[in-house]
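**Q** predicted coordinates and the sequence they were generated for:
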Amino acid sequence: MRFERIVVVAALLAPSSVSAGGVLMEVRADGVKVIRNEAPAARERRFSSRLVAAPTTRIAELIDRYAAEHDLDPRLVQAVMQAESGYDASALSTKGAIGLMQLMPETARELAVVDPWDPEQNVRGGVAYLKRMVQLFSNELDFALAAYNAGPNAVLRYAGVPPFTETRDYVRKVRCLYDGDCGESESSVAGRKVNIVRDGNGGIILTTSGPGG
């Protein structure tokens, strides 16, 4: 992957983006995520094939606090954060995703995150959204991670992990970090399909066992 130093032009970015460090991230046509002006330490963490410790006590405390609040394994939150930003609170994607958990502005607003550049608000919102995806997809972690990356509608549309290179690489990466096993195959990432059924009240139920399963 080729990285280059660029000058951030203020006219192209919101003022808060510039003040947050101007780190620019983009996804190439082949699905590889490229971060421009990325700090070497953050890049090393993001590309690591093992789960590494949070670089500051503050970030570690935020992971533990909000993972506990939402009954999630802190290692899972840590794996998502590492894959998303390399623990870089100033990360900004070319699609507009912000901070440690790479929150999109509209998602941040939905989660009552007033300042997504603030590490605590960002982690609070990101963990809440991750928990929402875990619950929506009945604790099927591959589907929840795919939804975190590509949106829940994409998972529903394809009845499983969408056939997007970026998303499948992302799910594989986070599972590798979380499980401590980097031998995952493409077929395991594709996972089982989601069946959509309705309960007696007409509500939607997502299941991997099918109607009556």
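**A** All right, it came through fine. Numbering: from 1, shown residues only.
**Q** how about the nearest residue to Val52, chain neighbours excluded?
**A** The spatial neighbour of Val52 that comes closest, neighbours along the chain excluded (CB to CB, 6 or more residues apart in numbering), is Arg45 at 5.4 Å. Quick note: C-beta positions are derived from backbone N, CA and C, even for glycine.
**Q** that neighbour belongs to a helix?
**A** Yes. Judged by DSSP: H, G, I helix; E, B strand; the rest coil, Arg45 forms part of a helix.
**Q** now it: how far from Gln82?
**A** Here the criterion is CB to CB, to the nearest Å. By it, Arg45 lies 6 Å from Gln82.
**Q** hey, what's in contact with both of those two?
**A** By the contact definition CB atoms under 8 Å, 6 or more residues apart in numbering, Arg45 and Gln82 are jointly contacted by Val52.
**Q** so these two - more neighbours on which side?
**A** Set Arg45 next to Gln82 and count neighbours by other CB atoms under 10 Å: Gln82 wins out with 25 against 21.
**Q** just to revisit the earlier point, and the gap between the residue nearest to Val52 and Ala39?
**A** Arg45 is 9 Å from Ala39, by CB to CB.
**Q** what's the answer for Arg157, then?
**A** According to CB to CB, Arg157 and Ala39 sit 36 Å apart.
**Q** higher neighbour count, the two?
**A** Between Arg157 and Ala39, Ala39 has the larger neighbour count (other CB under 10 Å), namely 16 against 11.
**Q** quote the end-to-end distance of stretch 111-118.
**A** Stretch 111-118 has its terminal residues 14 Å apart, counting by CA to CA, to the nearest Å.
**Q** can you tell me what sits against that stretch?
**A** Contact partners of stretch 111-118, identified using CB under 8 Å, 6+ apart, comprise 16, 19-20, 89-90, 98-99, 103, 105, 108, 121-122, 124-125, 128-129.
**Q** could you pull out the buried residues of it?
**A** By 16 or more other CB atoms under 10 Å, the buried positions in stretch 111-118 come out as Leu111, Val113, Pro116, Trp117, Asp118.
**Q** can you put those residues in JSON lines and add pLDDT?
**A** Shown next, in JSON lines, are the buried residues of stretch 111-118 (pLDDT from 0 to 100):
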{"residue": "Leu111", "pLDDT": "96"}
{"residue": "Val113", "pLDDT": "97"}
{"residue": "Pro116", "pLDDT": "96"}
{"residue": "Trp117", "pLDDT": "96"}
{"residue": "Asp118", "pLDDT": "97"}
